[in-house]
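K.L.:
Any chance you could fold what I've pasted below:
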Amino acid sequence: MTIVPRWEWRTFGESFAGAEQRLAALSPESVRESDELYLLSTAADDSVKVRDELLDVKQLEQVSDDGLEQWRPVLKAPFPLSAATVDSVLAALHASPPPQGRSAYTLDELVEEVVRPSRQLAAVAVHKRRAHYTVSGCMAELTDVRANNVSTRTIAVESEDPARVLAAVRELGLDTRSNVSFPRGLKALLGIGARKYAAIDVGTNSVKFHVGERGADGGWRPVVDRAEITRLGEGLAETGVLNPSPVERTIDAIAGMVDEAEREGVDEIVAVGTAGLRIARNSADFVAAVKDRCGLDLEVISGDEEARLSYLAATSALDLGEGSLVVFETGGGSSQFTFGEGKRVDERFSLDVGAIGLTERFGLADVVSEQTLAGVFDELGTELGRLDGRPTPAGLVAMGGAATNLAAVEHELATYDPDVVQGTVLGLAEIDRQIELYRTQTAAERRRIVGLQPKRAEVILAGACIVHTVIAKLGRQSATVSDRGLRHGLLLERFG
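P.N.:
Below you'll find the model as predicted:
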């Protein structure tokens, strides 16, 4: 009998909207219920299950450029299993064989003596209700799944022809979803094989810290997300170097974040430095001090790379529709711009326009006159001149501490809520209102404004002016705020 591998696509969720309506218009060719036992591994994603007293193993052969997975059945065997068969199953799961094996294993012996003692393996009882349909010449399956008292649903499409699978997925309206195999989806549902990673973004004004947990399905769950304002770039514009007090504050903050990441049990920490460290003559000394104090390799990235990672974070977390897109992030020492469409990047650059330098040059940490404010906008008009004459983008995303604080003040968030800030549409009229509010108040008075981080009181006016100028120069009346930034893009880039 010739075994032919099949191309598969699958997604998990509670509701599939239009896909369910499409399937409801069809008559199911069969509806079956089954009780199965899956053998899952934290180190591999091959499909190993027991159904109808047969061990069934499928191996992932390849993944297409479109994300389809080709699976080949490699084993179907009754119990008891020979020791050689058990060894082949464990090899597929990237697990070590038992130290003292039997010549043959019943199902109970396999579970109790091989699976349960292993830290890599888990045996999970799964109940399925599967309804089969035909869509675009492919087998489509809608399944209700229950495992360990947790329920979910999944739709799968499979065929020997990958083009037909893609056509069926598009017909069902599911082509924007990720392809997640059943073992990976089941592990994600049960929290098996999840790994934690941390990212530290050392900026000119603040140090941002994010711990994310990556599930077996490739999805991310935030664990920790916070920032400390250390003003590493304080005095940098005048001296050209990082000064002792800001350096000490910043390294203390990084050390605390490294300690917190270790308490969270992260597998790896990645750290990058941005504008302040690109500019400072003594940035190498700072990097060495971080290594000596924290054991952490800090990479100083280019402005273009910073812009690219920010764009990745924004496009991965927001539904931005179709058409041209500009993503910009304002920081303490620079602002990054990326132009593209969807996931495609057409142009990116960084400008040395930041809130700290602007604040220090114009004295924006306190009450300022309308004349001074006009001077700020005149300078920004020149420094951001690279934005002049460009077509108005279909979408505009603002990132960074200035944008998120402007959104938090608009929502009057006494406690910062990233889910409220994410996706906020920040209009020029609201930014004008806040600029006038900050212009007429001292730093001490600004600290009492609901939604504003107290440590941003000195630099928020400068940040608001930068955000306003960017939106206006690009011919827009508003920008969509993204709470996700460089740190999120960094995790996606390094760890998937």
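K.L.:
Tell me where the stretch 101-250 of the chain is predicted with low confidence.
P.N.:
Within the stretch 101-250 of the chain, no stretch has pLDDT under 70.
K.L.:
Would you state the strands of it in chain order?
P.N.:
Listed from the start of the chain, the stretch 101-250 of the chain has strands (DSSP state E, counting those that start in this stretch) covering 104-105, 121-135, 138-147, 150-159, 195-202, 206-214, 220-229.
K.L.:
closest to Leu236 out of these?
P.N.:
Closest of those to Leu236 is strand 195-202, at 13.3 Å (criterion: CB to CB). Yep, even glycine has a C-beta here, placed from its N, CA and C like the rest.
K.L.:
can you list the residues that contact that closest one?
P.N.:
207-214, 223-224, 232, 250, 254, 257-258, 261, 264-274, 276-277, 296, 298, 485-488, 490-491, 494-495 (CB atoms under 8 Å, 6 or more residues apart in numbering).
K.L.:
of the residues you listed, buried ones?
P.N.:
The neighbour count (16 or more other CB atoms under 10 Å) marks 207-214, 223-224, 232, 250, 254, 257-258, 261, 266, 269-274, 276-277, 296, 298, 485-488, 490-491, 495 as buried among the contacts of strand 195-202.
K.L.:
Quick one: mark the members of these that sit in helices.
P.N.:
Secondary structure defined by DSSP state H assigns 250, 254, 257-258, 261, 276-277, 486-488, 490-491, 495 of the buried ones among the contacts of strand 195-202 to helices.
K.L.:
nearest to Ala374, of those?
P.N.:
Proximity of those to Ala374 (CB to CB) peaks at Gly276, which lies at 27.9 Å.
K.L.:
Leaving out chain neighbours, which residue sits closest to that closest one?
P.N.:
Nearest non-adjacent residue to Gly276, counting by CB to CB, 6 or more residues apart in numbering: Thr204, 3.6 Å away.
K.L.:
What of Phe362?
P.N.:
Closest to Phe362 by CB to CB, 6+ apart is Val376, at 5.3 Å.
K.L.:
Share the number of residues neighbouring the one you found, please.
P.N.:
By other CB atoms under 10 Å, 22 other residues sit near Val376.
K.L.:
Ser34 too?
P.N.:
Residues near Ser34, counting by other CB under 10 Å: 13.
K.L.:
Is it in contact with Ala125, as I believe?
P.N.:
No: counting by CB atoms under 8 Å, Ser34 stays clear of Ala125, with 11.3 Å between them.
K.L.:
Tell me which two of the ones in helices among the buried ones among the contacts of strand 195-202 sit farthest apart.
P.N.:
Between any two of these (CB to CB), the greatest distance is 25.5 Å, for Gly276 and Phe495.
K.L.:
about what we covered before: report the separation between the residue nearest to Phe362 and Ala84.
P.N.:
76 Å (CB to CB, to the nearest Å).
K.L.:
And for the residue of the chain lying at maximal distance from its centre, nearest residue in space, chain neighbours not counted?
P.N.:
Distance from the C-alpha centroid of the chain, by CA atoms, centre = their mean, peaks at Ser103 (46.9 Å). Counting by CB to CB, 6+ apart, Ser103 lies nearest to Ala83, which is 5.6 Å off, once chain neighbours are set aside.
K.L.:
quick one: contacts of stretch 254-267?
P.N.:
195-198, 200, 202, 207, 209, 211, 223-224, 228, 269, 271, 290, 293-296, 298.
K.L.:
wait, I meant stretch 174-192
P.N.:
8-13, 16, 19, 38, 40, 42, 45-48, 60, 67-69, 71, 122, 124, 126, 145, 147-148, 150, 152, 154-156, 166, 169, 193-194, 215-219.
K.L.:
buried ones in it?
P.N.:
So, applying 16+ other CB under 10 Å, buried residues of stretch 174-192: 174, 177, 179-190, 192.
K.L.:
Most widely separated two among those?
P.N.:
Most distant of these, by CB to CB, are Leu174 and Ile192, 24.7 Å apart.
K.L.:
Is it correct that the residue nearest to Gly276 is in contact with Gly235?
P.N.:
No: using CB under 8 Å, Thr204 is not in contact with Gly235; the gap is 11.4 Å.
K.L.:
With neighbour numbers in mind, choose between the two.
P.N.:
Thr204 (30 against 16).
K.L.:
mind listing what that one touches?
P.N.:
231-233, 236, 274-276, 331-334, 354, 356.
K.L.:
Equivalent analysis for Lys128, please.
P.N.:
Going by CB under 8 Å, 6+ apart, Lys128 touches Arg32, Glu33, Ser34, Asp35, Glu36, Thr143, Asp144, Val145, Arg146.
K.L.:
between whichever strand or helix holds Arg293 and strand 195-202, how many degrees?
P.N.:
Using DSSP states H and E, the element containing Arg293 is helix 283-294. Using axes from the mean of the first three to the mean of the last three CA atoms, to 10 degrees, one finds that helix 283-294 and strand 195-202 are set 140 degrees apart in direction.
K.L.:
what helices or strands is helix 283-294 leaning on?
P.N.:
If you count contacts as 3 or more CB pairs under 8 Å, 6 or more residues apart in numbering; DSSP states H and E, helix 283-294 packs onto helix 244-263, strand 268-273, helix 275-279, strand 298-300.
K.L.:
Was I right to think Val467 contacts Ala402?
P.N.:
Yes: between Val467 and Ala402 there is a contact at 5.5 Å, judged by CB under 8 Å.
K.L.:
Next, show the common contact partners of the two.
P.N.:
Counting by CB under 8 Å, 6+ apart, the common neighbours of Val467 and Ala402 are Thr330.
K.L.:
Buried residues of the one helix or strand the residue nearest to Phe362 maps to, list them for me.
P.N.:
Assessed by DSSP H and E, Val376 sits inside helix 370-383. Neighbour counts using 16+ other CB under 10 Å place Leu373, Val376, Glu379, Leu380, Glu383 of helix 370-383 among the buried residues.
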